[in-house]
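[1] Quick one: sequence and predicted model below, then my questions.
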Amino acid sequence: MKLSALISCAVIVTLLSKTELHAQEFQCSGSFVRQVFGPGESSTNNFEITVRGCKLLTLTSNVNSHHTAQVAFDAGTVYELDSFPSGVRAATIKNVDIPDDDGTCANYFWLAYASACYFEHATNNKLKPIWMLDDPYLVDEQFTVKAKWSNSPQAPHLPKQIVYFSDGIYRHLTDGKRGSYSASAPFNQGYTNALYETLSVTNLSGLEIPSEFKFTRFYISGKELRPRMIVTAKVAEFRTNILPPNFRPRFSGSVDVSDHRLLFPGYPTRPTPRPFSYKAKDGVWPNLKELQPTYEKELKKRQEHQKKLEKPGFS
């Protein structure tokens, strides 16, 4: 079947500024399947994404659970809004280089459609893993893995194939100390950890954009590698609807936000820093300048309370 019979597309290319890289704009929608082997879990989801240059806004919805997630990635900051059938909504903001592997699959859509800026600066045949690491603390240590990739020669120069390699070493953090051990032979010499593939593309107005992609992560099973997780996505439609004025999740009413850009320091009985929490209203996401006075007031209150707790004889 011809690609044109599968996908109806229309894309408008807009030059926003001379400094904005690959300033293409488009929206697309379709479906994706996420399979986790071992537990035998599989979920079918619908998606809609909006791309402007290297900005990304995704809307995903699980066909069975009806859980929806909006994730925006804009200049190194992720804004996520999860909505559940019960009516509960929760939002998170983080500063990250790439979207987290948090079950929304926004990280895979970022890789397929909005990673051109990242790859333009990738060097030394090293990339950051986009999946959940066995040792999650490695993310904060700017951990990278050896990789081999090829990008499309056509704008916006998105990846066509990426092979991520493991060096055959498992890393862990125990009681604050870094440790490691080797995989069993022959995998202790290294192996393919994950594979991204653009399965088909559509060419519109000089842009080459994936219409179908697949991401596979592998694991060691005896003497062979087997798929641990596979995500496959297929576009049903490209369009040029009016794009949102900003790349943020949309909502009405009020939403509880956990903002990891502003952290409260930990203390002996609870050493992990905690994010600043507040309510956002009517689709407005406050910027850091607006939040700073309230955050500093709350921080001072917490510091004073902690000093009281640390005084001898206080109970």
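    Right, received. Where do you want to start?
[2] need the longest helix for this structure.
    helix 288-310 (DSSP state H).
[3] The residue lying closest to Asp282 once chain neighbours are set aside: which element?
    Take Asp282 and drop its neighbours on the chain: the residue closest to it by Cβ to Cβ, 6 or more residues apart in numbering is Ser252, 6.1 Å away. C-betas here are computed from N, CA, C, even on glycine. Using DSSP states H and E, Ser252 maps to neither a helix nor a strand.
[4] Need the phi and psi values for Ser252.
    Ser252 has phi and psi values of phi -120, psi 160 when expressed as degrees, to the nearest 10.
[5] Could you do Ser200 as well?
    phi -160, psi 160.
[6] For the nearest residue to Phe264 once chain neighbours are set aside, give its distance to Ala91.
    Distances taken as Cβ to Cβ, 6+ apart put Arg274 closest to Phe264, at 4.9 Å, once the chain neighbours are dropped. Distance, Arg274 to Ala91, by Cβ to Cβ, to the nearest Å: 16 Å.
[7] Identify the residue spatially nearest to Thr50, adjacent ones excluded.
    Excluding the flanking residues, the one nearest Thr50 by Cβ to Cβ, 6+ apart is Leu57, at 4.4 Å.
[8] Surely the one you found forms part of a strand?
    Yes - Leu57: assigned to a strand according to DSSP: H, G, I helix; E, B strand; the rest coil.
[9] Identify the residues contacting it.
    Ile49, Thr50, Val51, Gln70, Val71, Ala72, Phe73, Pro244, Phe247, Arg248, Pro249 (Cβ atoms under 8 Å, 6 or more residues apart in numbering).
[10] I'd say Tyr170 and Gly179 touch.
    No - applying Cβ atoms under 8 Å, one finds Tyr170 not in contact with Gly179, separated by 9.1 Å.
[11] Quick check: the gap between the residue nearest to Phe264 and Lys289.
    22 Å.
[12] tell me, what residue is most central in the protein?
    Most central in the chain under Cα atoms, centre = their mean is Pro99, positioned 2.1 Å from the mean C-alpha point.
[13] got the contact list for that one?
    Contacts of Pro99 (Cβ under 8 Å, 6+ apart): Leu56, Val71, Phe73, Val78, Ala106, Asn107, Trp110, Ile130.
[14] Skipping adjacent residues, who's closest to the fifth one in space?
    This points to Ala106. Closest to Ala106 by Cβ to Cβ, 6+ apart is Val71, at 3.8 Å.
[15] doesn't Pro249 make contact with the one you found?
    Yes - between Val71 and Pro249 there is a contact at 7.2 Å, judged by Cβ under 8 Å.
[16] if I look at those two, which residues touch both of them?
    The contact sets of Val71 and Pro249 overlap at Leu57, Tyr79, Glu80, Leu81 (Cβ under 8 Å, 6+ apart).
[17] hmm, back to that, pLDDT-wise, what's the bottom of the contacts of Leu57?
    Across these, the smallest pLDDT goes to Pro244, namely 69.
[18] Report the next helix or strand after the worst-scoring helix or strand of the chain on mean pLDDT in sequence order.
    The weakest-scoring helix or strand in the chain, judged by mean pLDDT, DSSP states H and E, is strand 12-13 (a mean of 31). The helix or strand immediately downstream of strand 12-13 is strand 24-36, counting by DSSP H and E.
[19] Which secondary structure elements does the following helix or strand past that next one sit against?
    Per DSSP H and E, the first helix or strand lying C-terminal to strand 24-36 is strand 41-52. Counting contacts by 3 or more Cβ pairs under 8 Å, 6 or more residues apart in numbering; DSSP states H and E, strand 41-52 packs against strand 24-36, strand 55-62, helix 106-113.
[20] Thank you kindly, that will do.
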